[in-house]
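J.: sequence? don't have it. structure:
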């Protein structure tokens with residue numbers, strides 16, 4: 001199982017959460033950013049439907065896989 005961590009950090013005169021160097025929108029308070037991060041983390045844990053996916057890798061090769069809707073990451077919020 002994959003692990004995802006959302007970090008609440010100061011950003012652009014307010015607060016935001018980040019994951020793997022990508023910033024979400026800026027919130028006025030730390031608590032608002034933390035609440036948004038907790039919501040997103042909860043959505044990451046929600047199972048979906050098993051579906052076929054088709055994607056192209058960086059080398060231009062196409063791949064088809066079956067994505068298990070129950071294979072959800074463990075998500076947490078820090079800060």
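T.: Thanks, I have it. Being a predicted model, the structure only gives us computed values, none of them experimental.
J.: contacts for the longest strand belonging to the chain?
T.: The strand that spans the most residues within the chain, counting by DSSP state E, is strand 3-11. Strand 3-11 is contacted from outside by 15-19, 23, 26, 30, 33-34, 37, 40-41, 44, 73-79, using C-beta atoms under 8 Å, 6 or more residues apart in numbering. Where C-beta positions appear, they are placed from N, C-alpha and C, glycine not excepted.
J.: flag the shaky bits of the chain, pLDDT-wise.
T.: Applying pLDDT under 70 to the chain picks out residues 1.
J.: just the buried subset of the contacts of strand 3-11, please.
T.: Using 16 or more other C-beta atoms under 10 Å as the burial test, the contacts of strand 3-11 include 15-19, 33-34, 37, 40-41, 44, 75, 77 as buried.
J.: now do the end-to-end distance for stretch 12-21.
T.: 15 Å (C-alpha to C-alpha, to the nearest Å).
J.: actually, stretch 52-71.
T.: End-to-end for stretch 52-71, by C-alpha to C-alpha: 14 Å.
J.: how about the strands in this protein?
T.: 3-11, 14-19, 22-23, 51-56, 62-67, 74-78.
J.: what's the fifth one packed up against?
T.: Meaning strand 62-67. strand 51-56 (3 or more C-beta pairs under 8 Å, 6 or more residues apart in numbering; DSSP states H and E).
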